[in-house]
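1. output the structure for:
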Amino acid sequence: MITRPIRNILESGKEGEKLSIPGWVRTVRDSKNVVFISLNDGSSITGLQLVVEKDSFSDLEALGKISVGSAIIAEGTLKKSQGQGQSIELLVSSIKIEGLSPEDYPLQKKRHTLEYLREIAHLRARTNTLGAVERVRSRMSYAVHSFFQDRGFMYVHTPIITASDCEGAGEMFQVTTLDMDKLPLTKQGKVDYEKDFFQKKAYLTVSGQLEGETYATAMGNIYTFGPTFRAENSNTKRHLAEFWMIEPEMAFADINDNMRVAEDFLKYIFKDILEHQEEDMDFFDNFVEKGVKKSLMHVVETPFVHMTYTDAIKELEKNNDKFDYPVKWGVDIQTEHERYLTEVVASSPVIVTDYPKEIKSFYMKQNDDGKTVRGMDVLVPRLGEIIGGSEREADYDKLLARIKELGLKEENYSWYLDLRKYGSCTHSGFGLGFERAILYATGMQNIRDVIPYPRYVHNASF
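-> Residues are numbered from 1 along each chain as shown. Okay, here's the model as predicted:
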C-alpha cells in the first residue's frame with residue numbers, strides 16, 4: 001500500500017488507486033447502511049471522506065468504537081465522490097485502530113474560543129485555525145531561507161546565551177546555576193558570580209544582531225533565524241517572552257541597501273504563502289480577517305513610500321486631535337501613528353528613517369546633524385511596525401562614546417568595538433519578529449495564537 005499526505009491525495013489522487021491513509025478522525029456520521037468518516041492528517045484543512053459500507057465491512061464492532069479524535073489507518077480504493085463538498089473519497093476495505101479517543105476528548109465538533117484552545121495548547125493544532133496557522137508558519141520559514149539562500153546570504157547560528165544586552169534596555173532573562181536558596185555572597189554582601197557557571201552574569205539573548213555583525217564583517221551577507229527572549233512585563237496581544245527573529249546583516253551596505261532588501265524580503269515571503277498556501281489563506285480570508293489576502297497582495301504589489309521621522313511627525317502633528325497619544329518631535333511613534341501613516345497618509349507600506357538618537361539603540365549610525373541616526377522602521381497597513389533596522393555605526397570613537405553615554409559597560413562590548421578597530425566597513429541590517437509577520441499574514445488577532453507554545457508574563461505552560 002502507498003501512503004502519502006491527504007493534501008496530495010485531494011490534489012492529484014486518481015480513481016482506482018489503492019491507498020493506506022493514516023490520520024485522526026474529525027467526524028463520524030453513521031447511517032443505515034454506510035458510515036462516513038472525515039479523516040485529517042494535518043496536511044490540509046480539508047480532510048478525506050472515508051466511506052465504509054457496512055454490508056461488506058468485516059469488523060463492525062471495531063467500527064462502532066471509532067469516535068472523534070481517534071487515530072486510525074484506513075485502507076481502500078479512491079473513487080469519485082457522489083456527495084457534495086469533495087471530488088474524491090476512499091471506499092474503505094479495512095481500518096486499523098491505532099488509538100481510540102474517549103468521550104471526554106476536548107475537541108468535539110463545535111466552535112471553540114481561542115482563549116480555551118490556549119488552555120489545551122497540546123491539542124489545538126488539531127483544529128482548523130491552529131493547523132492553518134502552523135502550515136503558514138512552516139511555509140513562511142521555508143520562504144525566509146529561500147529568500148536569503150537564493151541571494152547568497154550565509155545562515156549563521158548566533159548564541160542563545162549571552163553576556164551582552166543588544167538593545168541596552170535591560171529586559172533580559174538571567175541564566176544561572178546558582179542555588180537561589182543559598183546564594184554565595186562576596187565580602188561586600190553581593191552575589192558572587194565567580195561561583196556561577198560562566199563566572200559572570202549571563203542572559204538569554206534578546207537578539208543575535210551583534211554576533212551576526214561579526215560574521216557579516218568576515219563573510220559578507222549573513223542572516224540569523226532563531227529564538228530570542230525578552231523579560232518584558234507586558235500582557236498585550238502583541239508581545240511574547242519567547243519569540244523567533246530573522247536578522248540579516250550586510251557588509252558594505254548602507255541604509256538605502258538595507259531598505260531595498262527589507263522591502264524585497266516582505267514582498268517575497270507574502271507572495272510565497274499566497275501562492276503555496278492558498279487553501280489556508282482562503283480560510284483566514286473567509287473566517288478570521290476579511291480582506292487579509294487583498295491586504296497582503298497590496299504589500300506585494302505596491303512600492304513602499306519613504307519618509308524621514310521629521311516629515312512623519314510634521315504630518316502627524318496636523319492631526320494630533322485624532323490620536324490618543326499626541327506627537328511632537330523626539331517622541332517614539334505609537335501603533336496608532338504608524339497605522340495612520342500607512343492607511344491614511346500614504347495608502348501603502350511606509351519606511352520611516354532618521355530617528356532621534358535618544359529613542360534608538362546605541363549601535364545605529366549617527367547622522368552629521370548630531371541629533372538623528374540612520375535607523376529605519378518598515379510600517380504596513382493594519383499592523384504598524386513590522387521591521388526595524390539601521391545602518392550600523394562603523395566609527396570606533398563614536399560608538400564608544402555612545403556606549404559610555406548610555407552607561408553601558410565598555411568591557412562587555414570590547415569584542416564588538418574591535419569590529420570598528422580592525423577593518424571597519426559600512427554595514428547594515430534589520431530584524432523581523434517572525435510571529436508578528438505571521439500575525440499580519442493570517443489576520444490572527446493575538447500573537448499567542450501564532451506560535452505553538454506561547455510564553456508570556458505569568459505563563460510558561462506545557
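2. what's the neighbour count on residue 328?
-> Neighbour count of residue 328, defined by other CB atoms under 10 Å: 9. Using the backbone N, CA and C atoms, a C-beta is placed for each residue, glycine as well.
3. tell me who's in contact with it.
-> Residues counted as contacts of residue 328 (CB atoms under 8 Å, 6 or more residues apart in numbering) are 313, 317.
4. do the same with residue 399
-> Contacts for residue 399 (CB under 8 Å, 6+ apart) come out as 362-363, 393, 416-417, 420.
5. rerun that using 6 Å as the cut-off
-> By CB atoms under 6 Å, 6 or more residues apart in numbering, the residues touching residue 399 are 393, 420.
6. and the gap between it and residue 264?
-> Distance, residue 399 to residue 264, by CB to CB, to the nearest Å: 28 Å.
7. repeat that for residue 324.
-> According to CB to CB, residue 324 and residue 264 sit 34 Å apart.
8. try residue 318
-> In this view, residue 318 and residue 264 are 32 Å apart by CB to CB.
9. what's in contact with the helix or strand containing residue 23?
-> Residue 23 is part of strand 18-30 when elements are defined by DSSP states H and E. Strand 18-30 has contacts (CB under 6 Å, 6+ apart) with 1-3, 36-41, 47, 68, 70-71, 73-75, 77, 109.
10. any quick ChimeraX command for the buried ones out of these?
-> Those of these that count as buried under 16 or more other CB atoms under 10 Å are selected in ChimeraX with:
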select :37,38,39,40,41,47,68,70,71,73,74,75
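11. out of the contacts of strand 18-30, which sit inside helices?
-> Using DSSP state H, no member of the contacts of strand 18-30 sits in helices.
12. rewinding a little: who's more crowded, residue 318 and residue 264?
-> Higher neighbour count among residue 318 and residue 264: residue 264, with 12 against 9, using other CB under 10 Å.
13. not counting sequence-adjacent ones, nearest residue to that one?
-> Spatial nearest neighbour of residue 264, chain neighbours left out: residue 147 (7.8 Å); criterion: CB to CB, 6 or more residues apart in numbering.
14. isn't the one you found up against residue 266?
-> No: using CB atoms under 6 Å, residue 147 makes no contact with residue 266, being 9.8 Å away.
15. assign residue 11 to helix, strand or coil.
-> Following DSSP: H, G, I helix; E, B strand; the rest coil, the label given to residue 11 is helix.
16. buried sites along stretch 451-462?
-> Buried residues in stretch 451-462 (16+ other CB under 10 Å): 451, 454-456.
17. where's residue 107 relative to residue 188, distance?
-> Residue 107 sits at a distance of 57 Å from residue 188 (criterion: CB to CB).
18. higher neighbour count, these two?
-> Using other CB under 10 Å, the more surrounded residue of residue 107 and residue 188 is residue 107, with 17 against 6.
19. quick one: the helices in this protein, in order.
-> Using DSSP H, helices in the chain cover 6-12, 60-63, 114-119, 128-150, 209-219, 255-276, 278-287, 292-301, 309-317, 335-340, 396-405, 414-421, 434-442.
20. what angle separates the fourth one from helix 434-442?
-> Going by axes from the mean of the first three to the mean of the last three CA atoms, to 10 degrees, helix 128-150 is angled at 110 degrees with respect to helix 434-442.
21. output the contacting helices and strands for helix 128-150.
-> Secondary-structure packing of helix 128-150 (3 or more CB pairs under 6 Å, 6 or more residues apart in numbering; DSSP states H and E): helix 255-276, helix 278-287, helix 434-442.
22. can you list those helices in JSON lines and add distance to residue 88?
-> Shown next, in JSON lines, are the helices and strands packed on helix 128-150 (distance: least, CB to CB, whole Å):
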{"stretch": "helix 255-276", "distance to residue 88": "22"}
{"stretch": "helix 278-287", "distance to residue 88": "15"}
{"stretch": "helix 434-442", "distance to residue 88": "28"}
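23. most tightly packed of those?
-> With neighbours defined as mean count of other CB atoms under 10 Å, the helices and strands packed on helix 128-150 peak in mean count at helix 434-442, which reaches a mean of 24.
24. that one vs helix 255-276, what angle?
-> When the same axes, to 10 degrees is applied, the directions of helix 434-442 and helix 255-276 differ by 50 degrees.
25. CA atoms only: put helix 434-442 into PDB for me.
-> What follows is helix 434-442, C-alpha atoms only, in PDB (Å, rounded to 0.1, in the frame of the first residue of the first chain):
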ATOM      1  CA  PHE A 434       8.600  36.100  12.900                       C
ATOM      2  CA  GLU A 435       5.400  35.800  14.900                       C
ATOM      3  CA  ARG A 436       4.500  39.400  14.100                       C
ATOM      4  CA  ALA A 437       4.800  38.600  10.400                       C
ATOM      5  CA  ILE A 438       2.600  35.500  10.800                       C
ATOM      6  CA  LEU A 439       0.100  37.600  12.800                       C
ATOM      7  CA  TYR A 440      -0.100  40.000   9.900                       C
ATOM      8  CA  ALA A 441      -0.200  37.400   7.200                       C
ATOM      9  CA  THR A 442      -3.000  35.400   8.800                       C
END
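26. that one: how far from the chain's middle?
-> In terms of CA atoms, centre = their mean, to the nearest Å, the centre of helix 434-442 is found 6 Å from the chain centre.
27. got it, and stretch 386-396?
-> Offset of stretch 386-396 from its chain centre (CA atoms, centre = their mean): 22 Å.
28. which one of the buried residues of stretch 451-462 sits closest to residue 410?
-> Within the buried residues of stretch 451-462, proximity to residue 410 (CB to CB) peaks at residue 455, which comes in at 32.4 Å.
29. now do the contacts for that closest one.
-> Residue 455 sits next to 241-242 when contact means CB under 6 Å, 6+ apart.
30. which residues does stretch 196-211 contact?
-> Contacts for stretch 196-211 (CB under 6 Å, 6+ apart): 158, 160-164, 166-167, 172-178, 193, 224, 228-230, 247, 416.
31. among those, the buried ones, what's the PyMOL command?
-> Remark: buried members of the contacts of stretch 196-211, expressed as a PyMOL selection using 16+ other CB under 10 Å:
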select buried, resi 158+162+163+164+166+172+175+176+193+224+228+229+230+247+416
